[in-house]
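**Q** below is the sequence, then the predicted model.
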Amino acid sequence: MGNKSKMMAIFDKDSAGGEAFQEIKNNNLYFNPKVSVKVMQLELSKDIIELYRAKLHIPIEIEQLLSP
């Protein structure tokens with residue numbers, strides 16, 4: 001009667017995160033009334049923005065930090 005599958009995907013705002021964000025938004029599951037899919041992109045923190053301005057590259061991405 002009211003069962004709904006739920007999923008939340010969180011991506012950073014790099015090119016890979018943007019591509020994954022659009023891929024999920026364009027998928028039919030996103031518009032299925034029996035499935036609740038939320039997709040969001042994290043805003044860059046002031047610390048990360050300062051690192052980018054200093055041209056420092058950190059090889060760890062949010063997808064790696066959140067995966068098991």
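**A** Sure thing, it's come through.
**Q** so where's the protein shaky on pLDDT?
**A** Flagging of the chain using pLDDT under 70 yields the residue ranges 1-3, 29, 48, 56-68.
**Q** need the strands for it, in chain order.
**A** For the chain, applying DSSP state E gives strands covering 5-11, 35-41.
**Q** dump the first one to CSV, restricted to CA.
**A** What follows is strand 5-11 as a C-alpha-only set of coordinates in CSV (Å, rounded to 0.1, in the frame of the first residue of the first chain):
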residue,chain,number,x,y,z
SER,A,5,12.2,2.7,-1.9
LYS,A,6,14.4,5.6,-0.8
MET,A,7,17.9,6.6,-1.9
MET,A,8,20.0,9.7,-1.4
ALA,A,9,23.1,10.4,-3.4
ILE,A,10,25.6,13.1,-2.4
PHE,A,11,28.3,14.3,-4.8
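**Q** surely K34 is in contact with S5?
**A** Yes. Contact criterion CB atoms under 8 Å: K34 and S5 qualify, at 6.8 Å. In this view, the C-beta of every residue, glycine as well, is placed from N, C-alpha and C.
**Q** tally of neighbours for E43?
**A** For E43, the neighbour count with other CB atoms under 10 Å is 9.
**Q** now L51
**A** Neighbours of L51 under the rule other CB under 10 Å: 14.
**Q** M40 - nearest residue in space that isn't next to it in sequence?
**A** Distances taken as CB to CB, 6 or more residues apart in numbering place I10 nearest to M40, at 5.8 Å, with adjacent residues excluded.
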